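**Q** Dropping the sequence and predicted coords here.
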Amino acid sequence: MNAPPAFSKQALASALRAILPAECLVEDKESQRPFECDGLSLYRELPLLVALPETVEQVQAIMQCCHRLQVPVVARGSGTGLCAGAMPHPEGVLLGLSKLNAIMEIDPQARTARVQPGVTNLSISEAVAPHGLYYGPDPSSQIACSIGGNVAENSGGVHCLKYGLTVHNLLSVEMITAQGERVELGSSGLDSPGYDLMALVTGSEGLLGVVTAVTVKLLPLPEVARVVMAGFDSVRAAGDAVGAVIAAGIIPAGLEMMDALAVQAAEDFAHAGYPRDAQAVLLCELDGTEQEVDQHIAAVERIFTEGGATTLRVSASDAERALLWKGRKSAFPAVGRMSPDYYCMDGTIPRSQVSHVLEEISRLSTKYQLRCANVFHAGDGNLHPLIMFDGGCAEQVARAEQFGAEILELSVAVGGCITGEHGVGLEKLAQMESQFSIAELHQFEDIKHAFDPALTLNPGKGIPILKRCQEYRALPRKHQHG
Amino acid sequence: MADLLAHLQAHVREAAANASPVAIRAGNTKSHLVGRYCHARPLDVGDHRGVIDYQPDELVISARAGTPLPELESVLAEHNQVLPFEPPRYGGRATLGGTLACNLSGPARPWLGSVRDAVLGVQLINGEAQVLNVGGKVMKNVAGYDVSRLQAGALGTLGVITQIHLKVLPRAQATQTLAYEMTASQALETMCSRAREPRPLTGACWVNNRLFLRLAGAASAVRHTASQWGGEQLDDEIWSQLREMSHPFFAGKAPLWRLSTAPNAPHCEGVEQCIDWGGAQRWLRGEARSLDLPRGAHLSLFAGGDRDTEVRGALDPVQQRLQQRLKKSFDPAGIFNPGRLYSWM
Ligand SMILES: Cc1cc2nc3c(=O)[nH]c(=O)nc-3n(C[C@H](O)[C@H](O)[C@H](O)COP(=O)(O)OP(=O)(O)OC[C@H]3O[C@@H](n4cnc5c(N)ncnc54)[C@H](O)[C@@H]3O)c2cc1C
């Protein structure tokens, strides 16, 4: 059914050798291994070639070459993605952008920084800290993940409740189109002429273009930030307390919940002093001026106490604040220590549904005979159930996947969505149909065609291709973990 | 309160079948603003109105596109919440749909975001008369392309927006306006420096040789900052005058231009100006096309002048092609607001 590729690996390799220095082209299978998957290692594939360009000109030349040969291209930042979005295409080029890692310009008066796509999220904040500034969105993977990947996924973090997602913190994005043209979206001001293509490209999972430069907005470092940690004897009580904080007119800088299992894991890992007997722990960070933080801390303490908090602790120093966050920020690896593998889900739900959804997840956990810890961006309703399984056992993998799929469908059923920040990638393609109608999926497909008529950019990810499936290369096979 | 979805869908179906373009309008407050004139047959969506759902604890409100802003704001006020992006109400007739289509936001934009930033999801009738629900009612949603935010500033050229889900915010506990006499250049410098401080700044404008700063947030923080920053303490009138364009600067028939730029770009002399958004938006009166613009800045004719020619700058050819193809993907027959954004769109 599939037409054989119109090019040979040899022809492609020699075309790319003319563009790249030898050390920037990875041709042998063994050296390609590190690129076979992203953070979701359930899905693996080797590409034909890995290209690691050092300049935007090289990126552009590679894109032009792949366009000419009609070769699929999958962009990759740091490979921390959790939806197999950066998994290579077996007949394509894996375009790694990690060598484009310069911070090109910092403009403290405009509160902006211009960076290359491979720069890590955290290093932006570190570079601008001497100016009293930082970059708002802070995924838990921020030491490793790249800003290009953040743009591609519209990543969030614990500070997004107050400071927004990636899409709220960008001014402009330079990208190379599927045809290999270089184009700047957005502008130095807050508006730009015509359609907001930058908003469209943000979160588009590398399907509409390859991001080669990003101008981010920066925020002033708050004068103070303190965190309140509270334990509750039920998830419902903790959920209600979250609603009460918002209803009191307070928007915390971060508001996170962990259930009993996640608390155990995080405490074993970080020794942060979380109450091991609690059914749910809330972490609520308040930032701003000293007066404001004092005022809000007092209010939040009162709300949590009235809401039945069984333990309450307010950070007294930045070191204590960092410790309280450490457990939460390392919750994924912490759960990873409890089980050979874990599978992280990412549904977003209306906050009022949290107790219901967590009860359902616990029922499903019994049904599938797999443990599940829950970490929750409670302020904005983004739930991360972490399903624990053994990837060495095919039968458990299948159960974990079914468990995950049911959680996503449940998220949609209660008025939410299948992914709040990790993206659809390859992993959630099947669930797109539970969230969107055929007409909606067709519209997405038409948008894809508008940017990438030949469908060579990260094919088989993000959106199901309905109309032209017969012309479309088959989805890469899914490989067993381990 | 009326649900006219089926009726609107039928209209679009017919318009598409006959390739007969429509000019979408609701409150009709902006047909002579933001974009070019659109001479097609009007399609009224103003009666498709009403708040559909509001969950104060979730900070989310859903309303039909024809809902007038004051109606929405009074529902929010009952729970002490607001539209953070401070859209102009233009005498009370401006609607939510028009606000999103024109991406109009008030003085707080650099700090609290625009309507583009607040939109969570939309329902839209595309050019094939299909009703699409994209985005959602939750704070975070990255499934599918962000078609909701794409509507901001598209001037209704991609479809008929019928319903909008928005993120809202609690009303600030306290506000305080501070004023200082200074030149435009001094004001730009001051605005940018103040914006670098971790203070509850939510407005910074300059007009008639006066810089105005607005503090809004926790009462303690506003009071403390006001005492440190000095200046003359005023009521908040200047901000609603800016938001509604009722300030005398906006009066009269001279063309009104909007310059979107980096906030620290130098002041361009030679034309009457009002600076908003902490320097990122500059309103100019008269003839602005010949001015020497800062690098990366964009000029557009917001009101007055010749609205049958292009009112915004040309796009580079790659962007223009992408935008044209995108338009086609939503509206293959070209029936929605032809020419409103660009003559060729
Ligand atoms: C422990 C852990 C914690 C995490 N916590 C969070 C969290 O709190 N919040 C959150 O949102 N995510 C989180 N993630 C997910 C992940 O870190 C983010 O999705 C991140 O943005 C991915 O960045 P990356 O550079 O690793 O991208 P990759 O994994 O390399 O790629 C991700 C996607 O982006 C595309 N892409 C990458 N670079 C480009 C580019 N330059 N141009 C175009 N497309 C590109 C790829 O094709 C792929 O589809 C976490 C992951 C882990 C492992």
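**A** Sure thing, it's come through. All values reported here derive from a predicted model rather than from experimental measurement.

**Q** going forward, measure contacts between C-alpha atoms and count neighbours the same way
**A** Fine.

**Q** Point me to the residue of the stretch 251-400 of chain A nearest the ligand.
**A** Among the residues of the stretch 251-400 of chain A, A:F332 lies nearest to the ligand; the distance is 5.4 Å by CA to the nearest ligand atom.

**Q** Against A:S192, how distant is the closest residue to chain A within the stretch 151-300 of chain B?
**A** Among all residues of the stretch 151-300 of chain B, B:T261 sits closest to chain A, at 3.9 Å; criterion: CA to the nearest CA. With distances defined as CA to CA, to the nearest Å, the gap from B:T261 to A:S192 amounts to 9 Å.

**Q** Quick check: neighbours shared by the two?
**A** Overlap of the contact sets of B:T261 and A:S192 (by CA atoms under 8 Å, 6 or more residues apart in numbering or on different chains) consists of B:H298.

**Q** Hmm, A:H89 and A:P47 touching each other?
**A** Yes. Using CA atoms under 8 Å, A:P47 and A:H89 qualify as a contacting pair, with a distance of 5.3 Å.

**Q** end to end, how far does stretch B:134-153 reach?
**A** In terms of CA to CA, the two terminal residues of stretch B:134-153 are separated by 17 Å.

**Q** Can you name the residues bridging to B:L201?
**A** With beta bridges defined as DSSP bridges, B:L201 has these partners: B:L215.

**Q** number of nearby residues for it?
**A** Under the neighbour criterion other CA atoms under 10 Å in any protein chain shown, B:L201 is assigned a count of 26.

**Q** Over to B:S193?
**A** Neighbourhood size, B:S193 [other CA under 10 Å]: 16.

**Q** can you confirm it is in a helix?
**A** Yes. Checked against DSSP: H, G, I helix; E, B strand; the rest coil, B:S193 lies within a helix.

**Q** most centrally placed residue in the chain?
**A** All of this refers to chain A. For chain A, the residue sitting closest to the mean C-alpha position, by CA atoms, centre = their mean, is A:H422 at 3.6 Å.

**Q** sorry, should have said chain B
**A** By CA atoms, centre = their mean, chain B has its centre lying nearest to B:L104, at 1.1 Å.

**Q** ok, now which ones touch that one?
**A** The neighbours of B:L104, taking CA under 8 Å, 6+ apart as the test, are B:P87, B:P88, B:S114, B:V115.

**Q** Just the element for it, please.
**A** Using DSSP states H and E, B:L104 sits in no helix or strand.

**Q** Let me see the confidence value for A:L323.
**A** As summarised for this prediction, A:L323 has a pLDDT of 95.

**Q** What separation do you get for A:V211 and A:S155?
**A** With CA to CA as the criterion, A:V211 and A:S155 are 15 Å apart.

**Q** same deal with A:A439?
**A** 27 Å.

**Q** can you check A:E433 too?
**A** Relative to A:S155, A:E433 is positioned 22 Å away (CA to CA).

**Q** Then B:P42?
**A** With distances defined as CA to CA, the gap from B:P42 to A:S155 amounts to 40 Å.

**Q** Same drill for the two, tell me which one is more crowded.
**A** Applying other CA under 10 Å to B:P42 and A:S155 shows that A:S155 carries more neighbours, namely 27 against 14.

**Q** With adjacent residues omitted, what lies nearest to the more buried one?
**A** Counting by CA to CA, 6 or more residues apart in numbering or on different chains, A:S155 lies nearest to A:E421, which is 5.2 Å off, once chain neighbours are set aside.
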